[in-house]
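Asker: structure here, sequence nowhere to be found:
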């Protein structure tokens, strides 16, 4: 019998580039246009390595930024889960920050304590990544296809600063299900943060910007979350509370039957980036709604885009000058 090569032992012929279990623990699939920075898609669906600020930024999070799904029938919630799989070991922490480093366990941005999928499979074939979310007994199955704006022979559009997410939801029950799938994004700014609901053509979107920085500032820029869903609800802002109130109130809102209710604040927060553990950056969300017949599927598409146009020589502080949190 011919001995298997090392590659064949890692990737059986019928499952090449597909990873499950512990093998998903060290994946960070870059999503972003050529030269535009990227957001890492972890093997279990988390959004990590936010390298969109014109510099390396490994092991970073953008606050609470994730996708989540809810299934209802006749006004009763049958399932509500964050679209993550289990976080894989080790669980000692990442050696960063005062209350989140080595020895403190997973950071709360991982959402490990919230309902999520225990079984996931990751398939990576650049520029496409695919994650299957499915647990025995769940009324729905979900497949994420995430990809880059990579278009052969079109360098302009291939350089767009965006990440594209397509969630296909399958109804596995004998009843029609009302599905809500939400994209959640944290405003990256601590000073002058403003979340605003807009329209991009006919598509709902939200921008996450700051009034604090001038257009030529190194920290100047914004994030945008957009969807193609015609039926949407949204929250411009999560509840502003101390400690962990914002996350707790969001989850109570999400698992309540029906659509999400708007929340808006007129005044931007002014936070200290170095000591904000009892107050948090503002978070907003867009949620698409579709009804799915038994055995049928529906697709929810979202785009996260960014613009941080001012690149500085950050590795030489003498040329960079002072900068606030960005």
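Answerer: The structure has been received and is ready for your questions. What you see is a predicted model, and the numbers here were worked out from it, not measured in a lab.

Asker: can you pull up the most central residue in the chain?
Answerer: Nearest to the centroid of the C-alpha atoms of the chain, with distances taken as C-alpha atoms, centre = their mean, sits residue 66, at 3.2 Å.

Asker: hmm, that one is touching residue 82, no?
Answerer: Yes - with contact defined as C-beta atoms under 8 Å, residue 66 reaches residue 82; the gap is 6.0 Å. For glycine as for every other residue, the C-beta is placed from the backbone atoms N, C-alpha and C.

Asker: what sits in contact with each of these two?
Answerer: Residues touching both residue 66 and residue 82 (C-beta atoms under 8 Å, 6 or more residues apart in numbering): residue 111.

Asker: and the residue nearest to the centre of the chain, how close does it get to residue 185?
Answerer: Remark: distance between residue 66 and residue 185 (C-beta to C-beta, to the nearest Å) = 9 Å.

Asker: then residue 291?
Answerer: According to C-beta to C-beta, residue 291 stands 25 Å off from residue 185.

Asker: so those two - more neighbours on which side?
Answerer: residue 185 (26 against 13; other C-beta atoms under 10 Å).

Asker: picking that back up, beta partners of the residue nearest to the centre of the chain?
Answerer: Taking DSSP bridges, one finds residue 184 as the beta-bridge partners of residue 66.

Asker: number of residues surrounding residue 287?
Answerer: Residue 287 has 24 neighbouring residues, counting by other C-beta under 10 Å.

Asker: that one: what's it in contact with?
Answerer: Contact analysis of residue 287 by C-beta under 8 Å, 6+ apart lists 180, 181, 182, 183, 232, 233, 234, 259, 260.

Asker: how about residue 132?
Answerer: 120, 121, 141, 142, 143, 144.

Asker: looking at those, which is nearest residue 315?
Answerer: Taking C-beta to C-beta as the measure, residue 315 sits nearest to residue 144 out of these, at 35.2 Å.

Asker: now do residue 33 against residue 307, distance only.
Answerer: Where residue 307 is concerned, residue 33 sits at a distance of 12 Å (C-beta to C-beta).

Asker: neighbour count for these two, which is higher?
Answerer: The neighbour comparison of residue 33 against residue 307 (other C-beta under 10 Å) goes to residue 33, with 22 against 15.

Asker: mutual contacts of residue 66 and residue 185, please.
Answerer: What both residue 66 and residue 185 touch, as defined by C-beta under 8 Å, 6+ apart, is an empty set.

Asker: tally up the residues packed near residue 272, please.
Answerer: Based on other C-beta under 10 Å, the number of other residues close to residue 272 is 10.

Asker: now do the end-to-end distance for stretch 146-158.
Answerer: End-to-end distance of stretch 146-158 (C-alpha to C-alpha, to the nearest Å): 15 Å.
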